[in-house]
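Peer 1: Test case, fold it:
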Amino acid sequence: MYHPTAAARPANESLARVLAHAIEAAGKPRHRIANECGMHRETLLRVARGERPIGLDEAARVLSACGAHPRASMILALAGQEDLACEWMHGEMGEFLEEFFTSLPVHLQRTLGRRIEDLRPRWAGGTAQLVARMLAKHIDDFANRDIAMSLSR
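Peer 2: Next up, the predicted model:
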């Protein structure tokens, strides 16, 4: 039987819960998901119950086979945001985060250059709030433009 270290246990359990949700929400038989992932159906079930550890590459294959956005779902799960991972894994928010998480490091490096060393971890929460407010304003601006265009017709 698998006995993870204390540090690994919560991450594996969180990921297992997200995988279990993805499998349930996939709308296809478990044996087909397992086949697409290259694993036995029983192995897939043990992973989803948290009885067997799973590597990130395997988790990504399971999530992809379930039609979920793998990177976004795994990052959210490992960050302790299981509910959001489950809620967003099949929608546009999951797709947005997939692209955002992939693009952000490149843009930070390109924009900040050597100043990246000046970043402080304590700024992360405030920066996340700033990005969310900027996105909300951007969405509002688009909505207002659409309304103005339809009224001018």
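
Peer 1: Show me how far the least confident helix or strand in the chain by mean pLDDT is from its chain's centre.
Peer 2: Ranked by mean pLDDT, DSSP states H and E, the helix or strand of the chain with the weakest confidence is helix 124-151, at a mean of 87. Averaging C-alpha coordinates over helix 124-151 and over its chain gives two centres that are 22 Å apart (C-alpha atoms, centre = their mean, to the nearest Å).

Peer 1: ditto for stretch 107-123
Peer 2: 23 Å.

Peer 1: what do you get for stretch 142-153?
Peer 2: Relative to its parent chain, stretch 142-153 has a centroid offset of 33 Å by C-alpha atoms, centre = their mean.

Peer 1: which residues in the protein form helices?
Peer 2: For the chain, the helices defined by DSSP state H cover 8-25, 30-37, 41-48, 56-65, 70-78, 82-88, 92-112, 124-151.

Peer 1: contacting residues around the most centrally placed residue in the chain?
Peer 2: In the chain, the residue lying closest to the centroid (C-alpha atoms, centre = their mean) is residue 72, at 1.9 Å. By C-beta atoms under 8 Å, 6 or more residues apart in numbering, residue 72 lies in contact with 85, 88, 89, 94, 95, 97, 98, 101. Placement of C-beta: from N, CA and C, glycine included.

Peer 1: which of the residues you listed count as buried?
Peer 2: By neighbour count, with 16 or more other C-beta atoms under 10 Å, the contacts of residue 72 hold 85, 88, 89, 94, 97, 98 as buried.

Peer 1: Now pLDDT and distance to residue 115 too, for these, in a markdown table please.
Peer 2: Converted to a markdown table, the buried ones among the contacts of residue 72 look like this (pLDDT from 0 to 100; distance: C-beta to C-beta, whole Å):
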| residue | pLDDT | distance to residue 115 |
| --- | --- | --- |
| 85 | 97 | 32 |
| 88 | 97 | 32 |
| 89 | 96 | 35 |
| 94 | 96 | 31 |
| 97 | 96 | 25 |
| 98 | 94 | 27 |
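
Peer 1: low-confidence ranges in the chain?
Peer 2: For the chain, applying pLDDT under 70 flags the ranges 1-9, 153.
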